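Enquirer: no letters, just coordinates:
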């Protein structure tokens, strides 16, 4: 799975944290840093999978993005700061600049009532 490299690197520094990758297939938006107050620089994407550490996105392969940007998940107004990890064609693997909170991840996954130890 595309996020395995990120998870392996982070697990060495955070051995008690869980890095489970969840299939999501939900629309999202990419906004370059510095343009997050403008909708003119907002690009659509499909969030294929997500974990507390990163995500796999499908984007237009002709789209040029900066290394750092914000990811917004459709229906959730929070912006997640990201850094590009790897890009091949339409697939973009990103690392989140901070781990997602378990409760926030559960909201993203549609599991509002569940809690897990991270």
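Expert: Nice, I can see it. Just so it is clear, the model here is predicted, and its values are computed rather than measured.

Enquirer: low-confidence ranges in the protein?
Expert: In the predicted model, the chain carries pLDDT under 70 at residues 1, 35-40, 113-118.

Enquirer: biggest helix in it, by residue count?
Expert: Counting residues, the longest helix in the chain under DSSP state H turns out to be helix 4-13.

Enquirer: give me the buried positions along that one.
Expert: 6, 7, 10 (16 or more other C-beta atoms under 10 Å). (Each C-beta comes from the backbone N, C-alpha and C, glycine too.)

Enquirer: which residues does the last one contact?
Expert: Going back to what we said before, that points to residue 10. Counting by C-beta atoms under 8 Å, 6 or more residues apart in numbering, residue 10 touches 17, 19, 53.

Enquirer: now do 6 Å
Expert: By C-beta atoms under 6 Å, 6 or more residues apart in numbering, residue 10 lies in contact with residue 53.

Enquirer: how many residues are close by residue 77?
Expert: Counted with other C-beta atoms under 10 Å, the neighbours of residue 77 add up to 6.

Enquirer: how about it, secondary structure?
Expert: Three-state assignment for residue 77 (DSSP: H, G, I helix; E, B strand; the rest coil): coil.
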